[in-house]
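Asker: I need the structure of the sequence given here:
(2 chains)
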Amino acid sequence: MSLVQVEDLSLRYGARTVLSHVSLNVQRGEIVTIVGPNGSGKTSLLRAIIGAVKPFQGRVTRGAGVTIGYVPQKLHIDETLPITVSRFLKLSGDATAVSIDHALAQAGVPDLPKAQLSQLSGGQFQRVLLARALIGKPDLLLLDEATQGLDQRGSASFYQQIEQVRQDTGCAVLMISHELHVVMSTSDRVICLNGHVCCEGTPAVVASAPEYRALFGTGTGGALALYRHEHDHDHTHGHCDHDHDHDHDHDDTKAS
Amino acid sequence: MLDDFMVRAALAGVGVAIASAPLGCFVVWRRMAYFGDATAHAAILGVAVSLAFSMSIFVGTLTVALLMALTVSVLSGRGYAMDTLLGVLAHSALAFGLVAVSFLSGVRIDLMAYLFGDILAVSRGDLSVIWGGAALVVLLIGWRWSALLVSTLSQDLAHASGIDPKREQLVLTLALAITVAVAIKVVGVLLIAAMLIIPAAAARPLSRTPEGMAVAAGVIGILSAVAGLRAAYVFDTPAGPSIVCVAAITFLASSAVGSFRSVDRG
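Answerer: This next block holds a predicted model:
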């Protein structure tokens, strides 16, 4: 049975529809990556799964007893808040000194417990957030652009760490990424999102899907960086067999 | 012992310092300084209301401060920048309060006492209100401590851990209203925010954990209250402002220590 199941989910902020009729599910142990341009509702989808936004329509169900570990986008820690890494990790309920050391080791930063959170580098910080998510021994890890602000090497090594964590703990991973080429090798399944599910499948299938290319430019083999957004991208052929309604807002200022 | 007005004043100052310390840390961490100011300024309207309906000042200021804080919470994110909204509400509340007080003929009140506090006139009754309120604030924040910290760090992390950040915000709002109502007698509406922010800010360079900062803020607040009162007695200066002056000097000293340390490290 699925760890988490999203059925026909629509989300609205005021009059603006950010997601319409999205369905997906995550099975035990698999790594699923969500890609999509800015403003395509990726973060909103994750926030709906953790319960931070209420569905306008449809529903999100977790399997019985499924625990979720959440790694947010880069957090801003205010300089005025003094907090050590180990104190930060202790905030998650039943953490012990042993489980903290273990989680930090799993996240690849074993020697940081006494460091101040605001003094960490971007890569270290993301690993500490990962450690925090791992403390609760999650069945499902949710990562929201966890490598934003990291350079290519930094994000590649971060995703290797994720893969390692999956091998060690057997947890499933649902993550958002801008960098399909970086996560291609580790993902079992990719979902391309743009207000609705444009296409999904194995990384190779998605990378060659016309819907994906329409969103991310063609011929780049997935090395994207181009967030070109064509309004007339064609959904009538290829892997899609469902209706698309285009009433979602295209955020042209951001996308262009 | 409580017959001595200086002892009562010192105890009142210490009570306010204890309530302000953990709350002040959150005010600093969450950048709510202006929010604290607005709530405090609104309290003068509460004073006017209390006098008009001859009810206890504590109840009147608590009610108005709470209403003010809730209004800000509700209105925020509706088209105005937070500092604009607070600027409008804080100063309107202060102005309306001052105007309302002037209508209260027959009641001769010393407005200065509410603007700058009247700590030397603290009665036994005031003292029990202050300590009761302070205990309530400390219990409230102590009870929600972890949840408050998580929601301060990140609202989404809070949601993911099953914490409702809106509810935690409400806890802080309530604590703030109680502190304002309690502190009005001690430092007055204009300087309440100072008691919240200055000790917490002074504690920052000396602390490595949130708990450490709250405790350090408490110690600095207590020292400021006691030393400020002493200074007011020796130099014959107004008590409330003297307390804030001592806190400000502590802040300067701890910033100096902080920058000295970072030079030392780097």
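Asker: Please enumerate the helices of the chain.
Answerer: Let's take chain A. A:42-50, A:85-90, A:97-106, A:122-135, A:152-169, A:180-183, A:203-208, A:210-216, A:252-255 (DSSP state H).
Asker: Chain B, not that one
Answerer: Remark: helices assigned in chain B by DSSP H are B:5-29, B:33-52, B:57-75, B:82-103, B:111-116, B:124-143, B:145-153, B:155-160, B:165-187, B:192-203, B:210-235, B:239-265.
Asker: Pipe the helices of chain A into TSV and attach mean pLDDT and mean neighbour count per row.
Answerer: Heads up, the C-betas are built off the backbone N, CA and C, glycines and all. Below are these laid out as TSV (pLDDT from 0 to 100; neighbours: other CB atoms under 10 Å in any protein chain shown):
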stretch	mean pLDDT	mean neighbour count
helix A:42-50	89	23
helix A:85-90	90	22
helix A:97-106	88	17
helix A:122-135	88	24
helix A:152-169	85	17
helix A:180-183	73	21
helix A:203-208	82	18
helix A:210-216	80	22
helix A:252-255	40	11
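Asker: most tightly surrounded among the helices of chain B?
Answerer: Among the helices of chain B, helix B:192-203 has the highest mean neighbour count (mean count of other CB atoms under 10 Å in any protein chain shown), at a mean of 28.
Asker: could you give the mean pLDDT of it?
Answerer: Here helix B:192-203 scores 94 as its mean pLDDT.
Asker: cool, and stretch A:19-38?
Answerer: Across stretch A:19-38, the average pLDDT comes to 89.
Asker: how about that stretch, does it get close to chain B?
Answerer: No. Using CB under 8 Å from any CB of the partner chain, we find that stretch A:19-38 stays clear of chain B, coming within 15.6 Å at best.
Asker: thinking again about what came up before, okay if I get the helices of chain A as a markdown table plus distance to chain B?
Answerer: Formatted as a markdown table, those follow (distance: least, CB to the nearest CB, whole Å):
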| stretch | distance to chain B |
| --- | --- |
| helix A:42-50 | 4 |
| helix A:85-90 | 5 |
| helix A:97-106 | 14 |
| helix A:122-135 | 8 |
| helix A:152-169 | 17 |
| helix A:180-183 | 21 |
| helix A:203-208 | 27 |
| helix A:210-216 | 25 |
| helix A:252-255 | 19 |
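Asker: And the helices of chain B: which comes nearest residue A:159?
Answerer: helix B:155-160 (20.7 Å; CB to CB).
Asker: Dump that closest one to CSV, keeping only the CA atoms.
Answerer: Extracted in CSV, the C-alpha atoms of helix B:155-160 (Å, rounded to 0.1, in the frame of the first residue of the first chain):
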residue,chain,number,x,y,z
GLN,B,155,6.4,27.6,9.9
ASP,B,156,6.6,24.6,7.5
LEU,B,157,8.8,22.7,9.9
ALA,B,158,6.2,23.3,12.5
HIS,B,159,3.4,22.0,10.3
ALA,B,160,5.4,19.0,9.5
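Asker: how about residue B:176, what does it touch?
Answerer: By CB atoms under 8 Å, 6 or more residues apart in numbering or on different chains, the contact list for residue B:176 reads B:23, B:27, B:32, B:35, B:36, B:39, B:65, B:69.
Asker: likewise residue A:90?
Answerer: By CB under 8 Å, 6+ apart, residue A:90 lies in contact with residue A:100.
Asker: Equivalent analysis for residue B:11, please.
Answerer: Going by CB under 8 Å, 6+ apart, residue B:11 touches B:2, B:122, B:127, B:130, B:131.
Asker: next one: residue A:176
Answerer: A:33, A:34, A:35, A:42, A:43, A:46, A:143, A:144, A:145.
Asker: now it: how far from residue B:180?
Answerer: According to CB to CB, to the nearest Å, residue A:176 stands 42 Å off from residue B:180.
Asker: okay, now the residue lying closest to residue A:160 once chain neighbours are set aside: neighbour count?
Answerer: What sits nearest to residue A:160 in space, not counting adjacent residues and going by CB to CB, 6 or more residues apart in numbering or on different chains, is residue A:186, at 7.7 Å. Using other CB atoms under 10 Å in any protein chain shown, residue A:186 is surrounded by 19 other residues.
Asker: right, and residue A:186 touches residue A:31 too?
Answerer: Yes. Between residue A:186 and residue A:31 a contact is recorded at 5.8 Å, counting by CB atoms under 8 Å.
Asker: shared neighbours, those two?
Answerer: A:162, A:163.
Asker: Over to the residue nearest to residue A:160: give its phi and psi.
Answerer: The phi/psi pair for residue A:186 (degrees, to the nearest 10) reads phi -90, psi -20.
Asker: contacting residues for it?
Answerer: Residue A:186 sits next to A:31, A:159, A:160, A:162, A:163 when contact means CB under 8 Å, 6+ apart.
Asker: try it again with 6 Å
Answerer: Counting by CB atoms under 6 Å, 6 or more residues apart in numbering or on different chains, residue A:186 touches A:31, A:159, A:163.
Asker: contacting residues for the last one?
Answerer: Applying CB under 6 Å, 6+ apart to residue A:163 gives the contacts residue A:186.
Asker: now do 8 Å
Answerer: By CB under 8 Å, 6+ apart, the neighbours of residue A:163 are A:31, A:186.
Asker: circling back to that earlier point, now, among the contacts of residue B:11, which is nearest to chain A?
Answerer: Nearest to chain A among these, counting by CB to the nearest CB, is residue B:130 at 27.3 Å.
Asker: Apart from its neighbours in sequence, what residue is nearest the closest one?
Answerer: Per CB to CB, 6+ apart, closest to residue B:130 is residue B:15, 4.3 Å.
Asker: Can you name the residues bridging to the one residue in the stretch 101-250 of chain A that gets nearest to chain B?
Answerer: Of all residues in the stretch 101-250 of chain A, residue A:116 sits closest to chain B, at 6.9 Å by CB to the nearest CB. Residue A:116 has the following beta-bridge partners by DSSP bridges: residue A:84.
Asker: quick one: pLDDT of it?
Answerer: For residue A:116, the model assigns a pLDDT of 91.
Asker: What of residue A:6?
Answerer: We have a pLDDT of 90 for residue A:6.
Asker: I figured it was touching residue A:44, is that so?
Answerer: No. Assessed by CB under 8 Å, residue A:6 is found out of contact with residue A:44, at 11.7 Å.
Asker: Could you check how far the nearest residue to residue B:218 once chain neighbours are set aside is from chain A?
Answerer: Nearest residue to residue B:218, sequence neighbours excluded (CB to CB, 6+ apart): residue B:21, at 3.6 Å. Distance, residue B:21 to chain A, using CB to the nearest CB, to the nearest Å: 14 Å.
Asker: hmm, stretch B:29-45 touching chain A?
Answerer: Yes. Stretch B:29-45 reaches chain A (CB under 8 Å from any CB) through B:29, B:31.
Asker: can you give me the mean pLDDT across that stretch?
Answerer: Stretch B:29-45 shows a mean pLDDT of 87.
Asker: CA-only coordinates of that stretch in PDB, if you can.
Answerer: The C-alpha atoms that make up stretch B:29-45 are tabulated as PDB, following Å, rounded to 0.1, in the frame of the first residue of the first chain:
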ATOM      1  CA  TRP B  29      13.800  36.300  17.300                       C
ATOM      2  CA  ARG B  30      10.600  36.900  15.500                       C
ATOM      3  CA  ARG B  31      11.200  40.600  14.800                       C
ATOM      4  CA  MET B  32       8.200  41.600  16.700                       C
ATOM      5  CA  ALA B  33       9.700  44.700  18.400                       C
ATOM      6  CA  TYR B  34       7.300  47.000  16.700                       C
ATOM      7  CA  PHE B  35       4.500  44.700  17.500                       C
ATOM      8  CA  GLY B  36       5.300  44.900  21.200                       C
ATOM      9  CA  ASP B  37       5.500  48.700  20.900                       C
ATOM     10  CA  ALA B  38       2.000  48.800  19.300                       C
ATOM     11  CA  THR B  39       0.500  46.600  21.900                       C
ATOM     12  CA  ALA B  40       2.000  48.700  24.700                       C
ATOM     13  CA  HIS B  41       0.900  52.000  23.200                       C
ATOM     14  CA  ALA B  42      -2.600  50.700  22.900                       C
ATOM     15  CA  ALA B  43      -2.600  50.100  26.700                       C
ATOM     16  CA  ILE B  44      -3.100  53.900  27.300                       C
ATOM     17  CA  LEU B  45      -6.500  53.500  25.700                       C
END
